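> Next comes the sequence, and after it the predicted model I'd like to discuss.
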Amino acid sequence: MTTTESAGPIRTTPFPTVNDLSGRRIGAEELEAVTRVINSGQLNSTVGGETRAWEQEFGAYCGVEHVVACSSGTSALHLAVAAVNPGPGDEIITTGLSDAGTVLPIVMQNAIPVFADVDQHTGILDPASVEAAITDRTRAIIVVHLFGVPAPVEELREIADRHGVILIEDCAQAYGTLTASGARAGTVGHLGCFSLQQSKHITAGDGGMVISKDEPELVRRARLFADKAWPRDTNERTHLFLSLNYRMTELQAAVARAQLPKLDGIVKDRRERAHRLTEAIADLPGLRAAPVDGSSYWQFPLFIDPELAGGDGHAYAKALAEQGVAAGPGYIQRPLYLNPVLSEAKTYGDSGFPLADVHDRYAEGLCPVTESLISGRLLVIGWNENYTEADVDDIAAALRLASKQVAG
Ligand SMILES: Cc1ncc(COP(=O)(O)O)c(C=O)c1O
């Protein structure tokens, strides 16, 4: 409901959300897909054909030859790190502003996450900071297309190639994102990783994919890593290296296949609505929407200059909540490196391995821009393809009112 008077909240009814059908495009097609699998009696990808078909279809969508499906976005990143095959103590450069799934696989493979800082206008890894962090132990860079905004992957690929390291793109939030050169997110790096978790542009509940244009050897290792390193194509029951079972199920794959034809429409609708909001709030002092070019709007991030805006993300979130609009200050509560798993090296027993000698580095002040965004310069508004123009206008009106209130 929309009201123009400030007597009550601007918004009194819920917005569509990815957490239920109001904000998901899930229906008859997915039901038919799941039914097909159940009726086949083949629920596992080693006997059924859905997962292999999904890999083909997602590869065609992305314009890449290689896709490995797996059980989650975190497992996709684990596959990618395992494909790089770091030795204990090797380093992988990444960001402190992401889901923990970006970073935990590095430690699981006994490598060391090294945190570079981010750009203050996007929250995405700053190539200069990445390059400064490269050492002779660096094996890879994991960059996140945060909130669906394209990361500077062309620049990072050039840096990676110059230093002989692998670039992994975390595209969990970036289906349909287009990079500066017009490429699809996930196709500029050596490997790209996607998630099918509930909140993503398309979902199968959980699920993940690793994609690659032209790295068959990395892809082969990733595929083996998802299946106990069992080379089923050789008919030999052997296990070639240490790995786990991260297979996608046929049910997940069938749902993902039904979701894929809807993806372009989902991205288009998210973009149109986000552009409407970007324009509607362009004049608000100290509030800067993320760059529109190429973004697929997993969420709608706002970058705040507290001095010009009169307050930080916490003040804005509170004022918006009073108007019935939910927004999250900072995206996450602390930089990834300040979580106990890293800062206290809570890993294997009491060993602290492989972080025992480095966890002291994971302290406040390590990445100042990351920390300033999390502590108040970033505000994240939930986004959805099922928002109507009226929904967007309510958010714009709430932001305008919040700006007045907070700035005074
Ligand atoms: C940027 C990013 N990377 C990794 C992940 C991990 O994906 P999953 O939850 O599917 O394991 C997520 C989201 O959940 C994410 O947003």
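Sure thing, it's come through.
> Can you report how many residues neighbour Ala133?
Close neighbours of Ala133, defined as other CB atoms under 10 Å, add up to 17. Yep, even glycine has a C-beta here, placed from its N, CA and C like the rest.
> how about it, what does it touch?
Ile93, Val114, Phe115, Ala116 (CB atoms under 8 Å, 6 or more residues apart in numbering).
> Type out the PyMOL command that picks the buried ones from those residues.
Buried residues among the contacts of Ala133 (16 or more other CB atoms under 10 Å), as a PyMOL selection:
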select buried, resi 93+114+115+116
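> What residue spans form the domains of the protein?
Domain assignment for the chain, taken from automatic domain parsing, gives 28-258, 263-332+369-407.
> Next one, pLDDT for the closest residue to Trp230 other than its chain neighbours please.
Once flanking residues are discounted, Trp230 sits nearest to His239: 5.9 Å by CB to CB, 6 or more residues apart in numbering. With respect to pLDDT, His239 scores 98.
> Same check on Thr4?
For Thr4, the model assigns a pLDDT of 47.
> now swap in Gly408 and tell me
78.
> And it, how far from the ligand?
Distance of Gly408 to the ligand, given as CB to the nearest ligand atom, to the nearest Å: 35 Å.
> For that residue, give me its contacts.
Gly408 touches Gly310, counting by CB under 8 Å, 6+ apart.
> how about the residue in the stretch 251-400 of the chain positioned nearest to the ligand, what does it touch?
Closest to the ligand within the stretch 251-400 of the chain is Trp298: 7.5 Å, counting by CB to the nearest ligand atom. Going by CB under 8 Å, 6+ apart, Trp298 touches Phe147, Gly148, Gln173, Ala174, Ser199, Lys200, His201, Trp383.
> Which of those residues sits closest to Thr278?
Nearest to Thr278, judged by CB to CB, of the contacts of Trp298 is Trp383 at 11.6 Å.
> these two touch, right, the closest one and Phe300?
Yes. Counting by CB atoms under 8 Å, Trp383 does reach Phe300; the two are 4.6 Å apart.
> Residues that sit against both of those two, list them.
In contact with both Trp383 and Phe300: Ala274, using CB under 8 Å, 6+ apart.
> In terms of helices and strands, where is Ile93?
strand 91-95 (DSSP states H and E).
> My guess is Phe300 contacts Asn384. True?
No. Counting by CB under 8 Å, Phe300 does not reach Asn384; the two are 9.6 Å apart.
> out of the two, which sits in the more crowded spot?
Comparing Phe300 with Asn384 by neighbour count (other CB under 10 Å), the higher total belongs to Phe300, at 25 against 20.
> Next secondary structure after the host helix or strand of that one?
Under the criterion of DSSP H and E, Phe300 resides in strand 299-304. Per DSSP H and E, strand 299-304 leads on to helix 306-309 as the next helix or strand towards the C-terminus.
> contacts for the helix or strand following that next one?
Next in sequence after helix 306-309, counting helices and strands by DSSP H and E, comes helix 313-322. Contact with helix 313-322 is made by 9, 287, 302, 304, 309, 326-330, 376-379, 381, 398-399, 401-402, 405-406, as judged by CB under 8 Å, 6+ apart.
> Tell me the spacing between the residue nearest to Trp230 and Asp227.
10 Å (CB to CB, to the nearest Å).
> Tell me which of those two has more neighbours.
Higher neighbour count among His239 and Asp227: Asp227, with 19 against 13, using other CB under 10 Å.
> And the more buried one, how close does it get to the ligand?
According to CB to the nearest ligand atom, Asp227 stands 18 Å off from the ligand.
> How about that residue, nearest residue that isn't a chain neighbour?
Arg247 (5.9 Å).
> What count of nearby residues applies to the residue of the stretch 101-250 of the chain found nearest the ligand?
Proximity of the stretch 101-250 of the chain to the ligand (CB to the nearest ligand atom) peaks at Gly101, 2.7 Å away. By other CB under 10 Å, the residues close to Gly101 number 22.
> Identify the residues contacting it.
Applying CB under 8 Å, 6+ apart, we find Gly101 in contact with Ser72, Gly73, Thr74, Leu77, Ala172, Ser195.
> got the contact list for the fifth one?
In other words, Ala172. Neighbours of Ala172 in contact, by CB under 8 Å, 6+ apart: Gly73, Asp99, Gly101, Thr102, Val144, Cys193, Phe194, Ser195, Gln197, Lys200.
> Let's see that with 7 Å instead.
Ala172 makes contacts with Gly73, Asp99, Cys193, Phe194, Ser195, Lys200, as judged by CB atoms under 7 Å, 6 or more residues apart in numbering.
> and if you look at the third one?
Neighbour list for Thr74: Gly101, Leu104, Pro105 [criterion: CB under 7 Å, 6+ apart].
> how about a markdown table for these, with secondary structure added?
A markdown table is the format used below for the contacts of Thr74 (DSSP: H, G, I helix; E, B strand; the rest coil):
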| residue | secondary structure |
| --- | --- |
| Gly101 | helix |
| Leu104 | helix |
| Pro105 | helix |
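> ok, now which ones touch Val107?
Counting by CB under 7 Å, 6+ apart, Val107 touches Pro113, Thr347, Leu355.
> still on that earlier bit, what angle sits between the strand holding Phe300 and helix 313-322?
130 degrees (axes from the mean of the first three to the mean of the last three CA atoms, to 10 degrees).
> Strand 299-304 pairs with which strands?
strand 287-289 (antiparallel), strand 378-382 (antiparallel) (DSSP bridges).
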